[in-house]
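Asker: This is the structure alone, sequence omitted:
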């Protein structure tokens, strides 16, 4: 990881390829929470509260357009807040709408990734406040708030063709926390062989049966499972020939 000054003068972070994946897997191992093929779903609430020791409010009164928020404070632990409506729909209702549990878990993993990847940047900012716009905390007596990272969706793109480097990195961390590469590849290959005997990759456009099996095992959305399959090269490109 390296820091550099962006176009706007703010300190930014750059990670080498696969470095974010290694960071997330390393933290899961330190927490003794690395998933296995028999138990592939990470307990994100426990990971955040017990390992990261971050204040977690799962029933925060947030704007309807905001799924989660990570706040960094001077002299205090970070705080992760999850929209109360999202939490309620995901874990409190008897039957959650399709995809809601995956969206809730993705939001938790995304916010945890902000803490793991960006916490040092904002702690550094305490003595270098010219790099950041410090804002007062919402509650009287709390430390000076250094930054708020808002999670409005589970996509990489923000706005009209603009990207926020912190959000892109947090989404990469999110995928690695929810579906660590080694475990995901092992399970995915089992499902690929089952769905497509004699093959070790999925024919282009044929992800559906594998996604249907992977998503519930990792407790992620079908979209997240499909993206992970493609990102890890487990889906053949259009027109790709097999030897």
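Answerer: Okay, I see it. Being a predicted model, the structure only gives us computed values, none of them experimental. Numbering: from 1, shown residues only.
Asker: Helix or strand with the lowest mean pLDDT in the protein?
Answerer: Within the chain, judged by mean pLDDT, DSSP states H and E, the helix or strand with the poorest mean is strand 145-151; its value is a mean of 65.
Asker: list the contacts for the closest residue in space to residue 203 that isn't next to it in sequence?
Answerer: With C-beta to C-beta, 6 or more residues apart in numbering as the criterion, residue 203 has its nearest non-adjacent residue at 5.8 Å, and that residue is residue 236. In this view, the C-beta of every residue, glycine as well, is placed from N, C-alpha and C. Residues in contact with residue 236 (C-beta atoms under 8 Å, 6 or more residues apart in numbering) are 201-204, 242.
Asker: and the gap between residue 236 and residue 209?
Answerer: As defined by C-beta to C-beta, to the nearest Å, residue 236 lies at a distance of 15 Å from residue 209.
Asker: Please spell out which residues along the longest helix along the chain are buried.
Answerer: Criterion DSSP state H: the longest helix present in the chain is helix 100-124. By 16 or more other C-beta atoms under 10 Å, the buried positions in helix 100-124 come out as 100-119, 121-122.
Asker: Neighbour-wise, which one of the contacts of residue 236 leads?
Answerer: residue 202 (23 neighbours; other C-beta atoms under 10 Å).
Asker: residues in contact with it?
Answerer: 192, 195-196, 210, 229, 234-236.
Asker: what's the pLDDT at the most centrally placed residue in the chain?
Answerer: With distances taken as C-alpha atoms, centre = their mean, residue 174 lies nearest the centre of the chain, 1.8 Å away. Turning to residue 174, the model gives it a pLDDT of 96.
Asker: For the regular element (helix or strand) spanning it, name the packing helices and strands.
Answerer: Applying DSSP states H and E as the criterion places residue 174 in helix 165-178. Helix 165-178 sits against strand 11-14, helix 19-30, helix 100-124, strand 145-151, helix 222-231, with contacts defined as 3 or more C-beta pairs under 8 Å, 6 or more residues apart in numbering; DSSP states H and E.
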